[in-house]
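K.L.:
Here is the input, now give the coordinates:
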Amino acid sequence: MCALLLVARVGAAQDRVQRLADQLENSDDFRVRTQAALALGASKNKRAVAPLCSGLSDANTTVRTASAAGLGRLSLGGAACLKRRLNTESSASVRASIKKALSQVEEVETAPAINADTRYYVAIGKTADKTGRNVGQVDEMVQGAMRQAAEALEGFALAPTSESAEKARQLFAKHRQIKGFYLAPKVMAPQYSGGNLVVKVEIAIFSYPDKTLRGSLPIKLTQQDVPSRDKSAEDELIKMAAERAVEKFSKNVERIE
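P.N.:
Numbers count the residues shown, from 1 in each chain. Have a look, this model is predicted:
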């Protein structure tokens, strides 16, 4: 009974994040979008990162400010999209909010704990997005799904998103028992054919930090009975494909030279 209640609560929390994400993206009222961004920031759910990153491109400065503040309060990722927006943001108040959020996010993006059981150290690169979506939207979604899947693997440690090559080399000098990999995801444009939706994600595998190509893993997923454009279905398949790519990588990592 306790397990069933836990599953129900997790499902309810995920549904709430999706509802808030929809409000932030689609509401015509900037006040609703602002409140959705703030609520996502308080959700304690990593799935809130992607919609908040998208909110940084909102036409309304109040919504952009709230999205930045939400990422800062959430502190579960988003440094890359905050930095990208900071380079183009013209509003002084939004820039101030972004800088504050960056300091909060980067505080928790420290080098992971590596112990005697750690065998692999994985960095995840920026997504090559061929979907035509808004800049950064798919990247944040894929990053979140891949990192969540990798964090659940035993013997693996994740590199911070902001880690430099020099920092990585210093870490490997201290921990010579670990092997490093850099995963570069690419998401192709979703295809609709025969009433079905097809999503393709490919992960290029490099050594790390020198980034010598070692191979690639293609993932193709199909959802039936999706005859026309359905962004929600696309999102779910993209995230599922990103998670499966990490799982497939982990099962084959010992054979990758």
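K.L.:
ok now do Ala184, which residues does it touch?
P.N.:
Shown here is Ala184, whose contacts under the criterion Cβ atoms under 8 Å, 6 or more residues apart in numbering are Gly125, Lys126, Ala128, Ile203, Ala204, Ile205, Phe206. C-beta: built from backbone N, CA, C; applies to glycine.
K.L.:
Please indicate which of these has the highest neighbour count?
P.N.:
Ile203 (25 neighbours; other Cβ atoms under 10 Å).
K.L.:
and the helix or strand containing it, what other elements does it pack with?
P.N.:
Assigned by DSSP states H and E, Ile203 belongs to strand 196-207. Counting contacts by 3 or more Cβ pairs under 8 Å, 6 or more residues apart in numbering; DSSP states H and E, strand 196-207 packs against strand 179-187, strand 191-193, strand 213-223, helix 231-252.
K.L.:
For the residue lying closest to Asp129 once chain neighbours are set aside, what are phi and psi?
P.N.:
Nearest in space to Asp129, with sequence neighbours left out and distances taken as Cβ to Cβ, 6 or more residues apart in numbering, is Val138 at 4.4 Å. Here is the backbone geometry of Val138 (degrees, to the nearest 10): phi -70, psi -40.
K.L.:
per-residue confidence averaged over the helix or strand hosting Ala145?
P.N.:
Per DSSP H and E, Ala145 falls inside helix 137-151. Helix 137-151 shows an average pLDDT of 86 in the prediction.
K.L.:
ditto for stretch 31-49
P.N.:
For stretch 31-49, mean pLDDT rounds to 93.
K.L.:
mind showing which ranges of the stretch 1-150 of the chain have poor pLDDT?
P.N.:
1-14, 107-113, 135 (pLDDT under 70).
K.L.:
List the residues that contact the closest residue to Ser207 other than its chain neighbours.
P.N.:
Using Cβ to Cβ, 6+ apart and skipping residues adjacent in sequence, the residue nearest Ser207 is Arg214, 5.9 Å away. Residues counted as contacts of Arg214 (Cβ under 8 Å, 6+ apart) are Phe181, Ile205, Phe206, Ser207, Ile256, Glu257.
K.L.:
cool, Leu237 as well?
P.N.:
Counting by Cβ under 8 Å, 6+ apart, Leu237 touches Pro190, Leu197, Val199, Leu221, Gln223.
K.L.:
who's the second one bridged to?
P.N.:
So the one you mean is Leu197. Tyr192, Gln223 (DSSP bridges).
K.L.:
Neighbours of it, how many?
P.N.:
Around Leu197 sit 22 other residues, with neighbours defined as other Cβ under 10 Å.
K.L.:
Likewise for the fourth one?
P.N.:
Other residues within reach of Leu221, judged by other Cβ under 10 Å, total 15.
K.L.:
distance of the closest residue to Ser162 other than its chain neighbours from Val105?
P.N.:
Leaving aside its sequence neighbours, Ser162 sits nearest to Ala79 (Cβ to Cβ, 6+ apart; 5.5 Å). For Ala79, the distance to Val105 (Cβ to Cβ, to the nearest Å) stands at 5 Å.
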